[in-house]
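Just a sequence and a predicted model for now, questions to come.
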Amino acid sequence: MNKEVNKGAAEKESHNFLEEIIENDLASGKVKSVLTRFPPEPNGYLHIGHAKSICINFGLAAKYHGKTNLRFDDTNPVKEDTEYVDSIKEDIHWLGFDWSNEGYASDYFDQLYEWAEKLIMKGYAYVDDQTQEEIHKGRGTVSVPGKNSPYRDRSPEENLDLFRRMKAGEFADGEKVLRAKIDMASPNMLFRDPLMYRILHTSHHRTGNKWCIYPMYDFAHGESDSIENITHSICTKEFDVHRPLYDWFIDKLDIFPSHQYEFARLNLTYIMMSKRKLLDMVNQKIVSGWDDPRMPTICGIRRRGYTPESIRTFVEKVGVAKRENMIDLSLLEWCLREDLNKRSNRYMVVQDPLKIVIDNYEESSEDDIMDAPKNQENESAGRRSIKFSKEIYIERKDFQEIPENRKFRRLKPGGEVRLKYSYIIKCEDVIKDENGKIIELHCSYDPTTKPGSNPWRKCKGTIHWVSAKYAKTIEVRHYDRLFLKEDMGNLPEGTDYKEFLNPDSLKINEAYAEPNLLEDNSGISVQFERDGYYIKDKDSTPDHFVFNKATGMKSSF
RNA sequence: UGACCUAUGGUGUAAUGGUAGCACGGAAGAUUCUGGUUCUUUAAAUCAAGGUUCGAUUCCUUGUAGGUCAACCA
């Protein structure tokens, strides 16, 4: 009992800073329950970086028995589309989360508009007639204070009239904007009279042509949080300079005090996670689409064979903090293997075949049938039968005429090796063509070594194989890395990302598979024994099976 | 150069004033009908300098390094 207590003390739970904040808020009574939100803009597909945000927002709320809203930040109609709304919902569900309320910033346009008028009347907002360029120049720089707009001191009545006429469509795009009246000399650039509304005569994917003025992020986000009574608005660190403004609007409007907290976004070696660049890839047809298995999108890695469990584990392992990070891709791959090890069925596939003729094996219409588990670590996965025959294929690299070192334990001239789930064979002869290339091996087999026979004879090497007679041909697609050829993370601004793409990111080859593989309906990645994890691609047809490589084994040889 | 954020093994992340822990990656070994899995062992870290303190990864000051912000994007 004492030991139990000690054990419990030793395994003290480690908290990230967000958990600490929430626990304090709950303990102090600042909030009664937790309500978070995931606020994507429907202008692209979700990627692995968003997965972190999703797991944090939904996971944190769930941990403290709270709820999470899904809210689409759809305040810019020129970029947004319903196609993205649907894909985002699908991806969140696939990751294993569900929201308690589905909302849209556009649902709140009326309320937002009303609040804008309120700020105008209180003297906190004004209509500016300056051009985009004038506004930009007037803002100053990080070291030079900005200058007040000549329109800054219009009366609330005049501003209200102008703003109503903006709404009524009396002005063209860019002719006028509504700005918050704060401080053009503020050291925080966001406080130099930020824009609240701009004129956009563009149809919106949900509100259609009802509006021709649309709120900016800063005026929509905190207010939307407040409307929904979000208690913890958790976002990435780029927004930390926005927080004072987030608070300013809430304060001036005197509405529900949502609070924003920031964490560092996910960076992964070899992976590019800029939505804009990913969109370029799709538009320029450098990839087949958002779900191309090389893409770091949720749908891309799903098609690649990643499981939602592995991604959730990954986010958990990565942790939450505010410092910049660059996670090694090997951690993601470890999370995948960890999950797949337990649940993937195993099949033998030979990708670079070397033919073997078993000289002393009698060819007959009734070949030997070998019994094998689908997954040695999980008997409930069931079993499979594998037919043996006189001619088989093995992996070319599983034979070495002159072993490279003493540790080599696969096939060599005169040596023995066990065929997985089958007989021990001995290499008797090596046949080469006129160039010296090995074209086939002649072997003998030991009939007493059939699995199940007694006694069991051990053999230090075991290799996989397929029967030449029964094997099926499949297409195998290898993606060495998800995307970049170098450890670039997010590429610097202005670089041509195409130069950095891994030219070998996609290799296709034919392979021989045991027939059972084609009948596997587990729907999750399958292990090609000794090689890695693969999943059947949607491009497969009844007579042409395509497999994508999810990830390799821990080490290959 | 202004404001804000950050700094712990190779990479992440704990320790909030009291033994620097965990994971991935690395190395070594055991088990194994997958050179996988599993198990064991192991090397490796507090940005720097001051200060407060009996005691500092933790608090303060200064510096250094990195990140974010000057879109009618979010």
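That came through, no problem. Nothing here was measured: the structure is a model prediction, and the numbers come from that model. Numbering: from 1, shown residues only, chains lettered A, B, ... in the order given.

For A:Ala471, which non-adjacent residue is closest in space?
With sequence-adjacent residues excluded and distances taken as Cβ to Cβ, 6 or more residues apart in numbering, A:Ala471 is closest to A:Tyr512, at 4.0 Å. All C-beta atoms are positioned from the backbone trio N, CA, C, and that covers glycine.

ok, now A:Leu331?
Leaving aside its sequence neighbours, A:Leu331 sits nearest to A:Lys317 (Cβ to Cβ, 6+ apart; 6.2 Å).

what does A:Lys432 give?
Going by Cβ to Cβ, 6+ apart, A:Lys432 has A:Ile438 as its nearest residue, at 5.5 Å.

How about A:Glu475?
Nearest non-adjacent residue to A:Glu475 (Cβ to Cβ, 6+ apart): A:Val546, at 4.7 Å.

same deal with A:Ile120?
Excluding the flanking residues, the one nearest A:Ile120 by Cβ to Cβ, 6+ apart is A:Asn159, at 4.8 Å.

now the helix or strand where the one you found lies, how far from the chain's geometric center?
A:Asn159 is part of helix A:156-167 when elements are defined by DSSP states H and E. Centroid displacement of helix A:156-167 relative to its chain, using Cα atoms, centre = their mean, to the nearest Å, is 45 Å.

ok, and what's touching the helix or strand following it?
Remark: after helix A:156-167, the chain's next helix or strand is strand A:177-180, criterion DSSP H and E. The contact list for strand A:177-180, computed with Cβ atoms under 8 Å, 6 or more residues apart in numbering, reads A:116, A:119-120, A:124-128, A:135, A:149, A:159, A:163, A:166, A:193-199, A:213, A:219, A:248-249.

ok, and of those residues, which contact RNA strand B?
Subset of the contacts of strand A:177-180 in contact with RNA strand B: A:135, A:195, A:198-199, counting by Cβ under 7 Å from any atom of the strand.

Tell me the one among those residues nearest to RNA strand B.
Checking those against RNA strand B by Cβ to the nearest atom of the strand gives A:Arg198 as the nearest, at 3.4 Å.

Next, that closest one: phi, psi?
Torsion angles at A:Arg198 (phi, psi; degrees, to the nearest 10) stand at phi -130, psi 160.

count of neighbours near it?
A:Arg198: 20 surrounding residues under other Cβ atoms under 10 Å.

what's the spacing between the nearest residue to it once chain neighbours are set aside and RNA strand B?
Leaving aside its sequence neighbours, A:Arg198 sits nearest to A:Val177 (Cβ to Cβ, 6+ apart; 5.2 Å). Distance, A:Val177 to RNA strand B, using Cβ to the nearest atom of the strand, to the nearest Å: 5 Å.

again, but for A:Val476
16 Å.

ok, that residue touching A:Ile508?
Yes: contact criterion Cβ atoms under 8 Å: A:Val476 and A:Ile508 qualify, at 7.0 Å.

more crowded one of the two?
Shown here are A:Val476 and A:Ile508; by other Cβ under 10 Å, A:Val476 has more neighbours (21 against 9).

So the more buried one, which state does it fall into?
strand (DSSP: H, G, I helix; E, B strand; the rest coil).

per-residue pLDDT, A:Glu377?
What the model reports as pLDDT for A:Glu377 is 89.

Make sure A:Tyr533 is indeed in a helix.
No: read with three-state DSSP, A:Tyr533 is strand and lies in no helix.

near RNA strand B, which residues of the stretch 1-150 of chain A?
Going by Cβ under 7 Å from any atom of the strand, the residues of the stretch 1-150 of chain A near RNA strand B are A:14-17, A:20, A:39, A:41, A:73, A:75-76, A:78-79, A:105, A:130-132, A:135-136, A:139-143.

Whichever of those residues end up buried, select them in ChimeraX.
Filtering those down to the buried ones (16 or more other Cβ atoms under 10 Å) takes a single ChimeraX command:
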select /A:39,41,73,75,76,105,130,135,139,140
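
Just the ones in helices from the residues of the stretch 1-150 of chain A next to RNA strand B, please.
Those of those mapping onto helices are A:17, A:20, A:132, A:135-136, per DSSP state H.

Looking at the residues you listed, which two lie furthest apart in space?
With distances taken as Cβ to Cβ, the most widely separated pair in these is A:Glu20 and A:Gln132, at 43.0 Å.

one step back: out of the ones in helices among the residues of the stretch 1-150 of chain A next to RNA strand B, who's nearest A:Asp291?
Nearest member of these to A:Asp291, counting by Cβ to Cβ, is A:Phe17, at 34.7 Å.

Please name the bridge partners of the residue nearest to A:Ala471.
A:Val350, A:Thr473 (DSSP bridges).

Mind telling me what element the residue in the stretch 451-557 of chain A that RNA strand B sits nearest to is part of?
In the stretch 451-557 of chain A, the residue that lies nearest RNA strand B is A:Pro451 (2.6 Å; Cβ to the nearest atom of the strand). Per DSSP H and E, A:Pro451 falls between elements, in no helix or strand.

Setting aside sequence neighbours, what's the nearest residue to it?
Ranked by Cβ to Cβ, 6+ apart and with sequence neighbours excluded, the top spatial neighbour of A:Pro451 is A:Tyr421, at 5.9 Å.

How about the contacts made by that neighbour?
Residues near A:Tyr421 by Cβ under 8 Å, 6+ apart: A:370-372, A:386, A:451.

do A:His47 as well
A:273, A:275, A:278, A:295-298, A:300.

Neighbour-wise, which one of those residues leads?
The most crowded member of the contacts of A:His47, judged by other Cβ under 10 Å, is A:Thr297 (30 neighbours).

So in terms of bridging, what pairs with it?
With DSSP bridges as the rule, A:Thr297 is bridged to A:His47.

Tell me if I'm right that it and A:Leu46 touch.
Yes: contact criterion Cβ under 8 Å: A:Thr297 and A:Leu46 qualify, at 6.6 Å.

shaky segments in chain A?
Applying pLDDT under 70 to chain A flags residues A:1-13, A:482-500, A:556-557.

At the geometric centre of it, which residue sits there?
Nearest to the geometric centre of chain A sits A:Ile48, at 2.6 Å (Cα atoms, centre = their mean).

Looks like that one contacts A:Leu266 (just checking).
Yes: in terms of Cβ under 8 Å, A:Ile48 counts as a neighbour of A:Leu266; the distance is 6.8 Å.

Mutual contacts of those two, please.
A:Met273.

Quick check: phi and psi on A:Asp446?
Taking degrees, to the nearest 10 as the convention, A:Asp446 sits at phi -100, psi 110.

burial measure for it, as a count.
Neighbours around A:Asp446, by other Cβ under 10 Å: 16.

Contacts only, for it.
By Cβ under 8 Å, 6+ apart, the contact set of A:Asp446 is A:423-426, A:457.

Which of those residues are buried, as a PyMOL select command?
To isolate the buried subset of the contacts of A:Asp446 in PyMOL, counting by 16+ other Cβ under 10 Å, use the following:
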select buried, chain A and resi 423+424+425+426
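
how about CSV for the contacts of A:Asp446, with distance to RNA strand B and secondary structure added?
Formatted as CSV, those follow (distance: Cβ to the nearest atom of the strand, whole Å; DSSP: H, G, I helix; E, B strand; the rest coil):
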residue, distance to RNA strand B, secondary structure
A:Tyr423, 9, coil
A:Ile424, 10, strand
A:Ile425, 12, strand
A:Lys426, 16, strand
A:Arg457, 10, coil
